[in-house]
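Enquirer: Any chance you can model this:
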Amino acid sequence: MSTIELLAVVSGAACVGGMVLVVVALFGTTKPTRPTRTSTTGLRRLWLGSGTNRRDQRAHQMTLGAAAVAGALAFLLTGLPVVGLIVAVAVPGVPWLFAVGRAEERAITRIEAVGEWTRRLKDVSNTGQGLQQAIVVTIATVPDQIQEEVRLLAARLQAGWTARSALLAFADEIGDPVCDQVVAALILHLTDRGERLGDVLGSIASAASAEVATRREVEAKRTQPRFAVRFLTGMTLAVLAYGLVNTEYVRPYGTFFGQVLMATLATAFIALLVWVRAMSQPPPPPRFLPRPDPAELVA
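Expert: Just a heads-up that it's a prediction; the model follows:
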């Protein structure tokens, strides 16, 4: 391999890595961040991803590495830098497109679990136990979908957090207005010490069941556009794979004008896929509880 070819490979890999980072930054699924952001935190987010634990962050980094390697190999096979960029974008982009609807399904199952946990909390609170002790008792029977969040809630209460801050942090981790209703009822109970907490929790649990049924019905109506996203993604993968195997298929794009045309068509098609996916996504449900105040975490 000559020096020029080696420089071309290194430059192509660098371009591929940069494009992957840009795509992950634009289309990555993350929670809304605070308004104050620095370039350092932005680069850290690009490298670590949106995962909250080391396992998810490592998987994100492996995806970036696989995208860079795949893009460089595609560039070597075809000699076309735009093909390398497309392949690199496809590595993290294809799973993101095929996963359309999974986040909503997970949110529905979590709300269903919140309803079940609320019923169990109601039964325990009716025995006369305090709120903190009732939450600790429900750990043994909490649904798997929210087990980590409930365990963390109990641990915070036992570690000396104020009940209000611990409950607000729990609601923020679930991130759904149905859970906000449960937490609001518990916070109100802390202030007025009313005797009808069980009745309120029972009503909220019933409302959660109705909410789950409504959301499942809405999700069923989004099946067709989500199938279109997966179908278009599959067809794109087939065409891309054929172009990599049969270099004659992409040879007409070997000129500078051909590369510009390929980049334009690829950008338009990717934008179309993202648009169709966005059409099948519901808007995030509005919440009404704030985040916990760091100054009020410990009593």
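
Enquirer: Just give me the neighbour total for L188.
Expert: L188 has 13 neighbours, counted by other CB atoms under 10 Å. For glycine as for every other residue, the C-beta is placed from the backbone atoms N, C-alpha and C.

Enquirer: secondary structure element for it?
Expert: In this structure, L188 is located in helix 177-192 according to DSSP states H and E.

Enquirer: So what's the gap between that helix and the chain middle?
Expert: Chain-centre distance of helix 177-192: 26 Å, with CA atoms, centre = their mean, to the nearest Å.

Enquirer: and if you look at stretch 231-248?
Expert: For stretch 231-248, the distance to the chain centre is 27 Å (CA atoms, centre = their mean).

Enquirer: Buried ones in that stretch, by neighbour count?
Expert: For stretch 231-248, burial by neighbour count (16 or more other CB atoms under 10 Å) applies to 232-233, 236, 240, 243-244.

Enquirer: same deal with stretch 183-197?
Expert: Of the residues in stretch 183-197, those buried (16+ other CB under 10 Å) are 183-187, 189, 197.

Enquirer: T247: what's it in contact with?
Expert: T247 sits next to 77-79 when contact means CB atoms under 8 Å, 6 or more residues apart in numbering.

Enquirer: Go through the residues you listed and name the one nearest R58.
Expert: L77 (28.5 Å; CB to CB).

Enquirer: give me the element that closest one is part of.
Expert: In the assignment (DSSP H and E), L77 maps to helix 54-78.

Enquirer: helix or strand right after that helix?
Expert: Next along the chain from helix 54-78, counting by DSSP H and E, comes helix 81-98.

Enquirer: Tell me how far that following helix lies from the chain's centre.
Expert: Distance of helix 81-98 from the chain centroid (CA atoms, centre = their mean) equals 18 Å.

Enquirer: Show me what secondary structure element comes after that helix.
Expert: Later in the chain than helix 81-98, the nearest helix or strand by DSSP H and E is helix 102-125.

Enquirer: And the next helix or strand past that following helix?
Expert: Next helix or strand after helix 102-125 toward the C-terminus (DSSP H and E): helix 131-137.

Enquirer: what residues does the helix or strand hosting L201 touch?
Expert: If you go by DSSP H and E, L201 is part of helix 197-221. For helix 197-221, the external contacting residues (CB under 8 Å, 6+ apart) are 101, 104-105, 107-108, 111-112, 114-116, 118-119, 121-123, 125-126, 131, 178, 181-182, 185-186, 189, 282.

Enquirer: which helices and strands sit right next to the following helix or strand past that helix?
Expert: Per DSSP H and E, the first helix or strand lying C-terminal to helix 197-221 is helix 223-245. Judged by 3 or more CB pairs under 8 Å, 6 or more residues apart in numbering; DSSP states H and E, helix 223-245 is in contact with helix 54-78, helix 81-98, helix 256-279.

Enquirer: sorry, back to before: write a ChimeraX command that selects only the buried members of the contacts of helix 197-221.
Expert: The buried residues among the contacts of helix 197-221 can be selected in ChimeraX (16+ other CB under 10 Å) with this line:
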select :101,104,107,108,111,112,114,115,116,118,119,121,122,123,125,131,178,181,182,185,186,189
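
Enquirer: Excluding covalently adjacent residues, which one is nearest to P143?
Expert: Once flanking residues are discounted, P143 sits nearest to A113: 3.7 Å by CB to CB, 6 or more residues apart in numbering.

Enquirer: nearest residue to V83 other than its sequence neighbours?
Expert: Nearest non-adjacent residue to V83, counting by CB to CB, 6+ apart: A74, 5.2 Å away.

Enquirer: returning to what we had before: ok, the buried residues of stretch 231-248 vs L261, which is closest?
Expert: Nearest to L261 among those is G243, at 14.1 Å by CB to CB.

Enquirer: so that closest one makes contact with R251?
Expert: No. G243 is beyond contact range of R251, at 9.8 Å (criterion: CB atoms under 8 Å).

Enquirer: for the helix or strand harbouring A155, which positions count as buried?
Expert: Secondary structure from DSSP H and E places A155 in helix 147-158. Within helix 147-158, the residues scored as buried using 16+ other CB under 10 Å are 149-150, 153-154, 156-157.
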